[in-house]
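Colleague: Generate coordinates for the sequence data below:
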Amino acid sequence: SGSIHLSVQEILNIIFRHQGDEISYNIVWEIRLPRILSVIILGGALSVSGFLLQTFFNNPIAGPFVLGISSGAKLIVAFLMIFLLSRSVSIGSGAMILAAFAGSMISMGFVLLVAKKVHNMSMLVISGVMIGYICSAITDFVVTFADDSNIVNLHNWSLGSFSGMTWGNVRTMVVVLITMVIVFFMSKPISAYQLGETYAQNMGVNIKVFRILLILLSSILSACVTAFAGPISFVGIAVPHIAKSLLKTAKPLLVIPACFLGGAVFCLFCDLIARTVFAPTELSISSVTAVFGAPVVIYIMIRRQQRI
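Modeller: Next up, the predicted model:
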């Protein structure tokens, strides 16, 4: 165990020419590359999920983590993993995604119920945070009292981590890419919806179907992230805001690709810090994304308050 130094030339030779010693080759191809690709895909997915939720609720600080959607996904995945692992049954990536999606939809259902009763957006966010805390508390309670050594390792996943990604995981993430294509082709109705429900209806958008699609797509994206990497905080809020600020536009046709790219870059940067700052100890990815993402959220709230 331990670290190994590889030059840029050696890495390029391994990737493009398949040259190099067996240890270096396995490190690059079986550990680093699947992890990098996973971070790019999942980071982008989380950011776009945040953008869709912000569009749906018309709230700049709505996101999968803040609204408790990621925590709901984490809860159901943890229950499934504990149930199957305690019976020595292996769990596939597809089952993880389905469990996370079910958890996301349950949490989203609670958030929508609160949204019907509460018209104040601040109260909605607070309610989402409370739902997240309840789900996290139940998950932590269950994981703490788990006996099996494999189940105890759930604790690391529950804090958020991109470690242990495989090519099998990357292939399953085609679900994210298909969802992203659908989201991109929804750019026009999203743009109309941003200008108001009445305008969108006049432009031929079926509001009921459109809102259901927004919920389903955002839940699929956040569920995939939670299934593979656990809950990751603030990416879904901070990155869409940064993307819109840099582009100086809120046009979905530009913002959606920018969110995906921005989420990928942001998570790659945070993952690099998580792995290297206290190496060989690895930080949870959520701790790092919170350090850089939370100040952006505070800035958004202050700016919004000044406008009021």
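
Colleague: Please, where are all the strands along the protein?
Modeller: Read by DSSP state E, the chain holds no strands at all.

Colleague: So which residue is smack in the middle of it?
Modeller: L46 (3.2 Å; Cα atoms, centre = their mean).

Colleague: any idea of the pLDDT on S287?
Modeller: Note for S287: predicted pLDDT of 89.

Colleague: Check the one 4 residues further on too.
Modeller: At V291, the predicted lDDT confidence score is 91.

Colleague: And it, how far from V239?
Modeller: Using Cβ to Cβ, to the nearest Å, one obtains 15 Å as the distance from V291 to V239. Just so you know, the C-beta spots here come from the backbone N, C-alpha and C atoms, and that holds for glycine as well.

Colleague: for P231, same thing?
Modeller: Taking Cβ to Cβ, one finds P231 at 16 Å from V239.

Colleague: again with T226
Modeller: The separation that T226 has from V239, given Cβ to Cβ, amounts to 17 Å.

Colleague: coming back round to it: of V291 and V239, who's got more company?
Modeller: V239 (31 against 14; other Cβ atoms under 10 Å).

Colleague: ok, now which ones touch I215?
Modeller: 56, 108, 112 (Cβ atoms under 8 Å, 6 or more residues apart in numbering).

Colleague: ditto for L46
Modeller: When contacts are counted by Cβ under 8 Å, 6+ apart, L46 touches 64, 221-222, 225, 232, 235-236, 239, 263, 267.

Colleague: Could I get these in a markdown table, plus columns for distance to T144 and pLDDT?
Modeller: Listed next are these as a markdown table, based on distance: Cβ to Cβ, whole Å; pLDDT from 0 to 100:
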| residue | distance to T144 | pLDDT |
| --- | --- | --- |
| P64 | 24 | 86 |
| L221 | 29 | 93 |
| S222 | 25 | 91 |
| V225 | 24 | 92 |
| I232 | 21 | 89 |
| V235 | 27 | 91 |
| G236 | 27 | 90 |
| V239 | 32 | 93 |
| G263 | 31 | 95 |
| C267 | 28 | 95 |
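
Colleague: So which of those are in helices?
Modeller: Per DSSP state H, helices hold the following members of those: 221-222, 225, 235-236, 239, 263, 267.

Colleague: For the chain, which helix or strand comes out least confident on mean pLDDT?
Modeller: Lowest on mean pLDDT, DSSP states H and E among the helices and strands of the chain sits helix 149-152, with a mean of 60.

Colleague: Would you confirm that I11 contacts Y25?
Modeller: No: applying Cβ atoms under 8 Å as the test, I11 and Y25 come out as separate, 10.5 Å apart.

Colleague: can you list the weak-confidence ranges in the chain?
Modeller: In the predicted model of the chain, residues 1-4, 6-7, 17, 20, 119, 121, 147-153, 155-156, 304-305, 307-308 satisfy pLDDT under 70.

Colleague: try it again with 50
Modeller: 1-2 (pLDDT under 50).

Colleague: I'd like to know how far the residue nearest to M301 when sequence neighbours are not counted sits from S191.
Modeller: Setting aside the residues directly before and after it, M301 is nearest to I61 in space (Cβ to Cβ, 6 or more residues apart in numbering), at 6.5 Å. Separation of I61 from S191 (Cβ to Cβ): 21 Å.

Colleague: Those two - which one has more neighbours?
Modeller: Legend: neighbour count by other Cβ under 10 Å for I61 and S191, higher for I61 (26 against 19).

Colleague: out of the contacts of I215, which is most surrounded?
Modeller: Ranking these using other Cβ under 10 Å puts M108 first, with 26 neighbours.

Colleague: Next up, the contacts around that one.
Modeller: 67, 69, 72, 215, 219 are the contacts of M108 under Cβ under 8 Å, 6+ apart.

Colleague: Let's see that with 10 Å instead.
Modeller: Shown in contact with M108 (Cβ atoms under 10 Å, 6 or more residues apart in numbering): 53, 56, 64, 67-69, 72-73, 115, 128, 131, 215-216, 218-219, 222.

Colleague: ok, F266 - how many residues close by?
Modeller: Neighbour number of F266 under other Cβ under 10 Å is 23.
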